[in-house]
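Asks: Okay, sequence plus prediction incoming.
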There are 4 protein chains.
Amino acid sequence: MSDAKIRVGVLGARGKVGSEICKVVEATADVELVAAIDAGDDRQELVSAGAQVVVDFTHPDVVMDNLEFCIANGIHAVVGTTGFDEERLTRLEGWLAANPAAGVLIAPNFSIGAILMMRFAAVAAPHYESVEIIELHHPTKADAPSGTARRTAELVAAARRDAGSAPMPDATSTSLDGARGADVDGVRVHAVRARGLIAHQEVLLGGPGETLTIRHDSMDRASFGPGVLAGVRAIAAHPGLTVGLEHFLDLG
Amino acid sequence: MSDAKIRVGVLGARGKVGSEICKVVEATADVELVAAIDAGDDRQELVSAGAQVVVDFTHPDVVMDNLEFCIANGIHAVVGTTGFDEERLTRLEGWLAANPAAGVLIAPNFSIGAILMMRFAAVAAPHYESVEIIELHHPTKADAPSGTARRTAELVAAARRDAGSAPMPDATSTSLDGARGADVDGVRVHAVRARGLIAHQEVLLGGPGETLTIRHDSMDRASFGPGVLAGVRAIAAHPGLTVGLEHFLDLG
Amino acid sequence: MSDAKIRVGVLGARGKVGSEICKVVEATADVELVAAIDAGDDRQELVSAGAQVVVDFTHPDVVMDNLEFCIANGIHAVVGTTGFDEERLTRLEGWLAANPAAGVLIAPNFSIGAILMMRFAAVAAPHYESVEIIELHHPTKADAPSGTARRTAELVAAARRDAGSAPMPDATSTSLDGARGADVDGVRVHAVRARGLIAHQEVLLGGPGETLTIRHDSMDRASFGPGVLAGVRAIAAHPGLTVGLEHFLDLG
Amino acid sequence: MSDAKIRVGVLGARGKVGSEICKVVEATADVELVAAIDAGDDRQELVSAGAQVVVDFTHPDVVMDNLEFCIANGIHAVVGTTGFDEERLTRLEGWLAANPAAGVLIAPNFSIGAILMMRFAAVAAPHYESVEIIELHHPTKADAPSGTARRTAELVAAARRDAGSAPMPDATSTSLDGARGADVDGVRVHAVRARGLIAHQEVLLGGPGETLTIRHDSMDRASFGPGVLAGVRAIAAHPGLTVGLEHFLDLG
């Protein structure tokens, strides 16, 4: 065991994502899995095992308890569990103020590809007349469009607003209902559902004589790994509360 | 002048498509442009020049007169002009019955790529659980979805009906208005409009663990050329009325 | 147990593909898994369980023994095991001549998407000046290009030869070594290798002003299921030897 | 004529690109075409017409003379003409030192889409294990791979070097010659040539379970317009020599 390895505990270690995270941590040279905890296990094990960073993919019902415990014990936390509203973030900030050395990262998305896609779409948007989003998912998905597609549309719309972009050209005068997709903040979003698809998104930007397309294909839960590792490596240097993995990545 | 060359006259020779057709005919070894006629010119020139086949890209107002003239003079016709309804086709059949050696091809689409895309989509559809269509066009297009996308959806729906396919899976329960596209005969069709695009269509077919995508990109009016030439070469061997270039192509 | 269900035995039932096939058979209404056999098990169980069709995904070393047993017992066989050369096919035909009611399907590829892609590429090829193939796979693949890409190129080349197609246009005069891909029978094939990819192939066909692209994305072993089931359903009606699942599919 | 409009002269105004630039300038509200000059015309007209910025798409043989004239007359220059080596840039810097108010932009690429693609590829590269480039062009192109593809590969390689990225995974052990593309600084580049294509490039980045694809499709010379206008608008605020339009764009 090298002192240089980051000592990691996983909360929700027997869940779908959590068990995957355990494997990734075990397979990576500069981190070390020292505790794998799930419902029914004793969190105190994190302390006795000397965990420096906890990765939490659990449930909105238990994550606040987990984080209170971690912060109180000076353990940094990288959190993929959902359900954080303003009230919860404010409570977290209170706990962190009392333990200023601890760092907590709350990230709705650990996919580096999705983060880059959203970032590039927002940077490119003011340079183009038209932007549309096509997201494609498995047919068992309940919502359309996806949360990532909505978020991308909002970021594109904000970037265009800031740049004073003109409205997008669209001469459609005869249309079947729904043909032109959903309108999210003025950005058209199309949701495709088909067996065989997993999770894919394309942002199409168009100007005179050219188009730029940014596409993200997510084929496997393993795609969370590099993002979680990036969070684990960076969190000690970022005490306090951070929302969004993008703040830890070099995005140019 | 070689006897082996097919002697071609073009009607609508100074129009956008017609002038392009003239160039293509002149640039092709086995055909010969013997008459280029437009509004104001004397159609009799077709006869005196010995035209064997006429290509007509004119206007619904004049195309019936043109065809009556050609059939009466034993000149075959390859027609891209629009506006043919049942009544017009019946009239054409009457003229052709009186001149059984003449052949007329009425084709709504001379793009071989579009014809192949529609054909392949219909052949593949019964082998897949899901089929969706995405068409992408320049933002000055008035209708959404495109005529080709509607036609493709109808062909896919018919093929699935004939095969007794089950309804496509779709668990969407929360949706923004329009997100899932237009419903054409049970097939979802999405219309993207962006500056820089020309005319593109993608048919996505999905089954367990795999997808098949057939995409047609039409960048230039020149794409009509090979289809028109295929019609010109085949028409003499197909007396009577033919609707649809696909009947002259070897589609497997 | 309904008499209408096809009674299926699986050979190689504990292998990667075989175990997947067992699941697919169990999840499908019109077939029934009556025997799941692997190395060490008694093949006689197939007979006592009344198997009508056997699916064999085993090993070149044992598949001939398996097939001799099945044919002798009047059990049809759908075979995904590799390693069939002329000598083996001839031996199979001998056994089948002695038991003319039995049917054997030897299929190098059970992916309906891959079969359709190859078929469509061959049908479309004579209609285009240019055809190139791009295959994209995970970086642990040993061969480049893939077997499917090579086979597609051969089919395209044969279709172009039969149609008397002119050589493809290519003005490249200055090239880095390898930039233009591998030459398979005059068709350029490009092999992309990247982490995150699974098994993908694109056939790009180009003519004046347009391109047609046929793309197959295979994301999961589950994609074999529909093809194997198609074989199981059709084999009883096809006594004797068949090589290639395409002979059982309606490909237009 | 509004005082707010930038007064633009075009050199090479009757050339393919230059004539397109003239149209773009005339169609744009905040700029004004005051002189359209080509071989044989008197450059003095630029001065008498009060041109503030010159756009030069001429020829390596005459561009240095043009720039010496512009700088001496305090006219800014936006230059798409090729052939600038170290020696020429040094000479330019000398002339600009003597006329420090003048600005010259030398840009090998005015396509904003191409610039964004290269930028995004370099930013994303260190976050992925694998990066490959596929460029697709019309079959009359002489070089393979394209200059843009080479440049992209160099930028990706540099970004990976700076980040200390590990070599890309590639288990290929059996390969047809050329199948894996050209090696540019350790980045594989594939060049596709087909009739119907214009100028396209795809950068594929892959990590565990996901891929990110950045694709640029250039369909028309008109795609130069927005980049040239961006140069024209920014040059007055950037006296001295600038190489590369990216320095004038907000790239996040």
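Replies: Everything's here; your move.
Asks: and the residue lying closest to residue A:98 once chain neighbours are set aside, how many neighbours?
Replies: Sequence neighbours aside, residue A:71 is the residue nearest to residue A:98 in space, at 7.9 Å (criterion: CB to CB, 6 or more residues apart in numbering or on different chains). (Each C-beta comes from the backbone N, C-alpha and C, glycine too.) A total of 22 residues lie near residue A:71 under the criterion other CB atoms under 10 Å in any protein chain shown.
Asks: Surely residue A:71 is in contact with residue A:77?
Replies: Yes - in this structure residue A:71 lies within contact range of residue A:77 using CB atoms under 8 Å: 7.4 Å.
Asks: Which residue is the nearest non-sequential neighbour of residue A:150?
Replies: Nearest to residue A:150 is residue A:184, by CB to CB, 6+ apart, at 5.5 Å.
Asks: Return the residues in contact with the one you found.
Replies: Neighbouring residues of residue A:184 by CB atoms under 8 Å, 6 or more residues apart in numbering or on different chains: A:133, A:145, A:149, A:150, A:153, A:154, A:157, B:176.
Asks: Is there proximity between the one helix or strand in chain A whose mean pLDDT sits lowest and chain B?
Replies: Within chain A, no helix or strand scores below strand A:174-175, which has a mean of 92 by mean pLDDT, DSSP states H and E. Yes - applying CB under 8 Å from any CB of the partner chain, one finds strand A:174-175 in contact with chain B at A:174, A:175.
Asks: returning to what we had before: inside helices: which ones of the contacts of residue A:184?
Replies: If you go by DSSP state H, those have A:149, A:150, A:153, A:154, A:157 in helices.
Asks: Can you spell out which residues form a bridge with the residue nearest to residue A:150?
Replies: Beta-bridge partners of residue A:184, counted by DSSP bridges, are residue A:187.
Asks: shaky segments in the stretch 1-150 of chain A?
Replies: Applying pLDDT under 70 to the stretch 1-150 of chain A flags residues A:1-3.
Asks: Looking at it, what residue ends up closest to chain C?
Replies: Nearest to chain C in the stretch 1-150 of chain A, going by CB to the nearest CB, is residue A:113, at a distance of 8.6 Å.
Asks: from what I can see that residue touches residue D:210, true?
Replies: Yes - the pair residue A:113 / residue D:210 is scored as a contact, 4.6 Å apart, by CB under 8 Å.
Asks: anything in contact with each of these two?
Replies: Both residue A:113 and residue D:210 are contacted by A:216, A:217, A:218, A:223, under the criterion CB under 8 Å, 6+ apart.
Asks: which among those gets closest to chain D?
Replies: Of all those, chain D sits closest to residue A:223, with 3.5 Å by CB to the nearest CB.
Asks: Tell me, how many residues neighbour residue A:85?
Replies: Using other CB under 10 Å, the number of residues around residue A:85 comes to 8.
Asks: any residues in contact with both of residue A:71 and residue A:77?
Replies: Listed as contacting both residue A:71 and residue A:77 by CB under 8 Å, 6+ apart are A:102, A:104.
Asks: before we move on, the earlier item: any chance of the contacts of residue A:184 in TSV, with neighbour count too?
Replies: Below are the contacts of residue A:184 laid out as TSV (neighbours: other CB atoms under 10 Å in any protein chain shown):
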residue	neighbour count
A:133	28
A:145	29
A:149	28
A:150	20
A:153	26
A:154	15
A:157	18
B:176	17
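Asks: Might you report the residue contacts of residue A:236?
Replies: A:6, A:52, A:53, A:76, A:103.
Asks: contacting residues around stretch A:82-98?
Replies: Applying CB under 8 Å, 6+ apart, the contact partners of stretch A:82-98 are A:60, A:63-64, A:67-68, A:71-72, A:102, A:104, A:106, A:108, A:239-241, A:243.
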